[in-house]
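*Asks:* Show me how the following folds:
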Amino acid sequence: MPIFEYRCDQCGCDFEHLHLAQSEDTPICPTCCGPNVKKLISAGCVRPNGVPAGAGGFNSAPKCQPSGG
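*Replies:* Next comes the predicted model:
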């Protein structure tokens with residue numbers, strides 16, 4: 001299951017989104033709930049020897065809080 005990076009057109013927030021198997025959904029921004037996001041080209045990950053896989057790295061963005069407006 002690939003993880004893609006996105007940038008919100010509305011607030012400029014960069015975030016990661018895990019795409020589940022055979023899912024083509026476009027995520028919304030977890031910061032401002034903006035629906036207009038663009039997929040970014042991610043740099044590859046290089047892991048030093050001795051560092052276990054999955055040892056940190058994910059951004060933990062705050063959950064979406066829609067305004068009462």
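*Asks:* Could you use CA atoms for every contact and neighbour count after this?
*Replies:* Will do.
*Asks:* element containing residue 6, please.
*Replies:* strand 3-8 (DSSP states H and E).
*Asks:* C-terminal to that strand, what's the next element?
*Replies:* strand 14-18.
*Asks:* That next one pairs with which strands, parallel or anti?
*Replies:* strand 3-8 (antiparallel) (DSSP bridges).
*Asks:* low pLDDT regions in this protein?
*Replies:* 1, 23, 45, 47, 50-69 (pLDDT under 70).
*Asks:* Please enumerate the helices of it.
*Replies:* For the chain, helices defined by DSSP state H do not occur.
*Asks:* can I get the CA coordinates of the strand holding residue 6 in PDB?
*Replies:* Provided in PDB are the C-alpha atoms of strand 3-8 (Å, rounded to 0.1, in the frame of the first residue of the first chain):
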ATOM      1  CA  ILE A   3       2.000   6.400   0.800                       C
ATOM      2  CA  PHE A   4       1.900   9.500  -1.300                       C
ATOM      3  CA  GLU A   5       2.700  13.100  -0.300                       C
ATOM      4  CA  TYR A   6       0.300  15.900  -1.100                       C
ATOM      5  CA  ARG A   7       0.200  19.700  -0.800                       C
ATOM      6  CA  CYS A   8      -3.000  21.600  -0.200                       C
END
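*Asks:* Quick check: residue 31 vs residue 9, distance?
*Replies:* Distance, residue 31 to residue 9, by Cα to Cα, to the nearest Å: 12 Å.
*Asks:* Could you list the residues in contact with the strand holding residue 6?
*Replies:* With contact meaning Cα atoms under 8 Å, 6 or more residues apart in numbering, strand 3-8 is reached by 13-19, 29, 34-42.
*Asks:* tell me which residues of that strand are tucked away?
*Replies:* 5-8 (16 or more other Cα atoms under 10 Å).
*Asks:* go on, stretch 22-31?
*Replies:* 27-31.
*Asks:* For those, give me a markdown table that also has distance to residue 48.
*Replies:* What follows is the buried residues of stretch 22-31, written out as a markdown table (distance: Cα to Cα, whole Å):
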| residue | distance to residue 48 |
| --- | --- |
| 27 | 31 |
| 28 | 33 |
| 29 | 31 |
| 30 | 31 |
| 31 | 32 |
